[in-house]
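# After the sequence you'll find the predicted model.
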Amino acid sequence: MKIREIAEFLDAELVGDASVEIIGVASVASASTGEIAFLEKNIGQVASRADCLIVPADFDGETPIPLIKTANPKLAFARVAAILHPQKRKQSGIDASAVIAETAAIGSGVFVDAFVSVGNDSAIGSGTYLLAGTKIGDGVMIGKNCFLHPNVVIQDGCLIGNDVILHSGAVVGADGFGYVRDAQKYVKFPQIGVVVIEDDVEIGANSCIDRGSLGETRIGKGTKIDNLVQIAHNVQIGERVIIAAQTGISGSTVVEDDCVIGGQVGMGDHALVKSGAIIGSQAGVLPGKIVRPGVWWGTPVQPLSEYKRQNAHVKSLQRLKDDVIEIKKLMKK
Amino acid sequence: MKIREIAEFLDAELVGDASVEIIGVASVASASTGEIAFLEKNIGQVASRADCLIVPADFDGETPIPLIKTANPKLAFARVAAILHPQKRKQSGIDASAVIAETAAIGSGVFVDAFVSVGNDSAIGSGTYLLAGTKIGDGVMIGKNCFLHPNVVIQDGCLIGNDVILHSGAVVGADGFGYVRDAQKYVKFPQIGVVVIEDDVEIGANSCIDRGSLGETRIGKGTKIDNLVQIAHNVQIGERVIIAAQTGISGSTVVEDDCVIGGQVGMGDHALVKSGAIIGSQAGVLPGKIVRPGVWWGTPVQPLSEYKRQNAHVKSLQRLKDDVIEIKKLMKK
Amino acid sequence: MKIREIAEFLDAELVGDASVEIIGVASVASASTGEIAFLEKNIGQVASRADCLIVPADFDGETPIPLIKTANPKLAFARVAAILHPQKRKQSGIDASAVIAETAAIGSGVFVDAFVSVGNDSAIGSGTYLLAGTKIGDGVMIGKNCFLHPNVVIQDGCLIGNDVILHSGAVVGADGFGYVRDAQKYVKFPQIGVVVIEDDVEIGANSCIDRGSLGETRIGKGTKIDNLVQIAHNVQIGERVIIAAQTGISGSTVVEDDCVIGGQVGMGDHALVKSGAIIGSQAGVLPGKIVRPGVWWGTPVQPLSEYKRQNAHVKSLQRLKDDVIEIKKLMKK
């Protein structure tokens, strides 16, 4: 892809030699011949061996490197990378070792790798990849152009949209965690719902999305979930939500559209996180809590400004204590 | 199952038409024809399209829906659900793709799915299900009527009781995390013990139960463990313990019977959690700590009442600080 | 192995009958005939049915049990255990069910278990074990004498050194978690780097090591990582680092040599943990933070002494408040 073509694809201003061929992306520091890199901010001078740089519109550094100027260089870079480094495609077909139920429907252009199993009455949409060791239960519907990495498990009855990426070891549709205490033991509460994953969702390695107990657990369109995340039964995650690694969300909690949840956050059950809320890492949301738009941190979560003020108070406790001791001394005189 | 049969099975009072056929359970909101739902509390009026409701004994709402009155409706509902929605059974037998050691003993009525492997001298009890991709090591004993979901791993020498449910990706018997620091490097401490899982235990998806280093790690009868939980070497978990998702318990810690442990709790090594203790989510138990019966929260854990009082103090620090400033002003006059 | 041979191997002082045959290791409490145990400290009297005890050089208890005296009994015990309980070896060879690409190179003495797949242009070093269900992508290099437990996943292009142990369900080389927000959705940032795992590393069950986005994620020589740990894209972990269970380290963070990181610790991105730092469990390191050598705890992390002092202040807030109330009363008089 020549620099000219890249600039056209991005609909961006080009400065310098447009004829150079670009074959890959790299960071500014590591890029070399044939590679394109990006600068997020106008840092003036830049030293790089890249053959092209995507820079902010206000970039004013002097460099012999051909430049593509655009409002959001990181976004432009990601879009170029998607073209220069497409998901590796394998020849479609079903590996001889795979075990596919007779009643399963496999679409056109599907790639089924070694040791994949697909259960009864399941359907795999066209262009979807099931990598080695993926296990698909009965009655599972998977859309088009999905990519299931090795050893993903999708359990009975779960529904996966189009363009979904599931990373290795992710488990979709395990039973929720619900019991009723009897005199002598815990009796399992029914876990007979499903998981619905909408289009364009990505779920990280070894993350778990439990099925609804009596209804569905739902992950909204375009939501991105990192590794080792726990989503409990009947949780409803909206669209374009970001959830970082090792966060856990308890039963029936709702996270609305466009929230950003840090890593290792814990949420109790039946909480409601309103659209646009941002929750810092390791925060704790109490059961039933309503978290309004804004930035939140701490356990239990507070608005970030309050959390910071409170932290400052705690840090200055020695001084406060000293003041009180001094006052007491003065009063004794 | 007719409503009359359900009431008889529950040994509960029946109000209304006992002849309707019930084929499934659902929530009050979503239930429709042929379904039974439950109300946990007497909320007076109820709107539902269920064909039968299980309600508390003191329920006094007026409704045309047939009612079953009982002391614990949720428990009754769970018991009915277990009958109406039994674990899906497959025809017993061994999938052609499975690799079973010649010296392994497979009981009657066992279902062995695709890509299951069973090692030397292992035994699988009658009625047990090994779903796709489950890996059983050497010398493993698994009891009767267990249900191992896809991609579960049981490593050499571990012992699993009867009626145990292991969810996808759970790993039983990985090495514990123990090393001795030499001058130049860490030397692995022996991890040659086993894991013993007693009857009626359920373990969540992608949870890890490490083998004992020189003895055993034990999970007591009727204990329920959620997803992504870490149980370290030589931990002893009692009977009927509840452990929510993403909790981690360090080496040799003991959790006695009937404890309830929230999610994302961390416990140091050699701690002792006494029978009946309840520990809130994200709490931290220091190594060697003894946690007595009662409700605990925070890091390091404190009795809930102390934790709350302390939190209230922290929240009112601004006022305390203002008071001290005011006092200092007055004293200067 | 006779006691004399053990003492010679350890180059340690021997007291008592050197001719007894030792066949295994055990704890002091559980050891019996033919077994050797160890005491970490000189506790005076000792009751054990072991046939030999490894004790500190200053041990002065009276016992008929033959003793081996050494400066570091636990280390000596670990070294003896490694000889008496070697990793179980299986006959090398490739299980008939394995799917190995024609272009893959399998070294001598390699054991490939059932349902293992190895992709194109990958190489497995001599003496390495790939246990059941392990999935090796394309272009993966694995060194000598590694041990990959069941259902490990190594994705395309990752590099594994010699003597590496990967526990069940560990995922090496999943995509990092990086997106750029467009007006309507999140666009995936390229995740085209690799993971490099150096010699003598051990990684716990269900842990995740993400590939670099535009470079590499690296785990240094001799580092030991526990279960359910998350290592994000482009993280650099030094040599001989210990990371306990459920810790998560965000993108591009650097942990230098010889650090010890507790369990459930969270680190933001682009942090730097300097060589020799010790971070307590559940601590939180803010993005970009530099953590100097010493012991740290809390969120955000503070030196342990400060954290403790601060905790003590918070615990005594009731008294401080009472003092202020008392002062106010006195001043009103």
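Here it is on my side, so go on.
# A:D51 contacts A:L67, doesn't it?
No: at 11.2 Å, A:D51 does not count as touching A:L67 under the criterion of Cβ atoms under 8 Å. In this view, the C-beta of every residue, glycine as well, is placed from N, C-alpha and C.
# Pull the number of nearby residues for A:Q302.
16 (other Cβ atoms under 10 Å in any protein chain shown).
# tell me which element the nearest residue to it once chain neighbours are set aside falls in.
Leaving out its chain neighbours, the residue that sits closest to A:Q302 by Cβ to Cβ, 6 or more residues apart in numbering or on different chains is A:W296, at 6.6 Å. Assigned by DSSP states H and E, A:W296 belongs to strand A:294-297.
# Can you tell me what sits against that strand?
A:276-280, A:283, A:302-304, A:307 (Cβ atoms under 8 Å, 6 or more residues apart in numbering or on different chains).
# 10 Å instead, please
A:260-262, A:265, A:273-274, A:276-285, A:289, A:301-308, A:311, C:299 (Cβ atoms under 10 Å, 6 or more residues apart in numbering or on different chains).
# low pLDDT regions in chain A?
Residue ranges of chain A with pLDDT under 70: none are present.
# quick one: the helices in it?
Under the criterion DSSP state H, helices of chain A are mapped to A:3-10, A:73-84, A:304-315, A:317-332.
# Make JSON lines from those and add distance to A:I225 to it.
JSON lines is the format used below for the helices of chain A (distance: least, Cβ to Cβ, whole Å):
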{"stretch": "helix A:3-10", "distance to A:I225": "29"}
{"stretch": "helix A:73-84", "distance to A:I225": "19"}
{"stretch": "helix A:304-315", "distance to A:I225": "23"}
{"stretch": "helix A:317-332", "distance to A:I225": "39"}
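# so of those, which one's packed in deepest?
helix A:73-84 (a mean of 20; mean count of other Cβ atoms under 10 Å in any protein chain shown).
# Any residue of that one touching chain C?
Yes: contact of helix A:73-84 with chain C (Cβ under 10 Å from any Cβ of the partner chain) involves A:73-82, A:84.
# next one: stretch A:15-23
No: if you take Cβ under 10 Å from any Cβ as the test, stretch A:15-23 misses chain C, and the best it gets is 12.5 Å.
# and that stretch, how far out from the chain's middle?
Remark: stretch A:15-23 is offset 34 Å from the chain centroid, using Cα atoms, centre = their mean, to the nearest Å.
# okay, how far is it across that stretch, tip to tip?
With Cα to Cα, to the nearest Å as the measure, stretch A:15-23 spans 19 Å from end to end.
# Direction included, what does the strand holding A:W296 pair against?
strand A:277-279 (parallel), strand A:302-303 (antiparallel) (DSSP bridges).
# Format those as TSV; extra columns: distance to A:Q236.
Shown next, in TSV, are the strands paired with strand A:294-297 (distance: least, Cβ to Cβ, whole Å):
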stretch	distance to A:Q236
strand A:277-279	15
strand A:302-303	24
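# Deepest-packed of the ones you listed, please.
Most buried among the strands paired with strand A:294-297, counting by mean count of other Cβ under 10 Å: strand A:277-279, with a mean of 23.
# Can you give the contact residues for that strand?
A:241-244, A:247, A:255-256, A:258-262, A:265, A:267, A:273, A:285, A:290-298, A:301, A:304.
# What sits closest to A:R89 if chain neighbours are left out?
Distance criterion Cβ to Cβ, 6+ apart; nearest residue to A:R89, sequence neighbours excluded, is A:F111 at 7.9 Å.
# can you pull the contacts of that neighbour?
For A:F111, the contacting residues are A:89-95, A:124, A:127-131, A:147, by Cβ under 10 Å, 6+ apart.
# partners of it in the sheet?
Taking DSSP bridges, one finds A:G93, A:Y129 as the beta-bridge partners of A:F111.
# For chain B, which of the helices of chain A is the nearest?
Distance to chain B, taken as Cβ to the nearest Cβ, is lowest for helix A:304-315 among the helices of chain A, at 3.9 Å.
# helices and strands around that closest one, which ones?
strand A:294-297, strand A:302-303, helix B:304-315, helix B:317-332, helix C:304-315 (3 or more Cβ pairs under 10 Å, 6 or more residues apart in numbering or on different chains; DSSP states H and E).
# Give me the domain ranges for chain A.
Here the domain parsing of chain A from automatic domain parsing is A:3-84, A:93-306, A:307-333.
# How far away from the center of its chain is the second one?
Which is domain A:93-306. So, by Cα atoms, centre = their mean, the centroid of domain A:93-306 is 11 Å from its chain's centroid.
# Quick check: end-to-end length of it?
End-to-end for domain A:93-306, by Cα to Cα: 57 Å.
# and if you look at the last one?
End-to-end distance for domain A:307-333, by Cα to Cα: 39 Å.
# want to throw the domains of chain A into a markdown table with distance to C:V229?
Below are the domains of chain A laid out as a markdown table (distance: least, Cβ to Cβ, whole Å):
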| stretch | distance to C:V229 |
| --- | --- |
| domain A:3-84 | 25 |
| domain A:93-306 | 8 |
| domain A:307-333 | 27 |
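# that older thread, list the buried residues for the strand holding A:W296?
By neighbour count with 16 or more other Cβ atoms under 10 Å in any protein chain shown, strand A:294-297 contains the buried residues A:296-297.
# Send me that strand as CSV with only the CA atoms.
Included here for strand A:294-297 are C-alpha records, laid out as CSV according to Å, rounded to 0.1, in the frame of the first residue of the first chain:
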residue,chain,number,x,y,z
GLY,A,294,-19.1,10.7,36.3
VAL,A,295,-15.8,9.3,37.5
TRP,A,296,-15.9,7.0,40.6
TRP,A,297,-13.3,5.3,42.7
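# Now tell me what touches stretch A:310-324 from outside.
With Cβ under 10 Å, 6+ apart, stretch A:310-324 has contacts from A:297-298, A:302, B:311, B:314-318, B:320-321, B:323-325, B:327-328, C:299-300, C:302, C:306, C:309-314, C:316-317, C:319-321, C:323-324, C:326-327.
# Compute the first-to-last residue distance for that stretch.
End to end - Cα to Cα - stretch A:310-324 spans 19 Å.
# how far is that stretch from where the chain is centred?
40 Å.
# Check stretch A:314-332 too.
Its chain's C-alpha centre lies 48 Å from the corresponding centre of stretch A:314-332 when counted by Cα atoms, centre = their mean.
# Can you tell me the closest non-neighbouring residue to A:P64?
Per Cβ to Cβ, 6+ apart, closest to A:P64 is A:G16, 7.6 Å.
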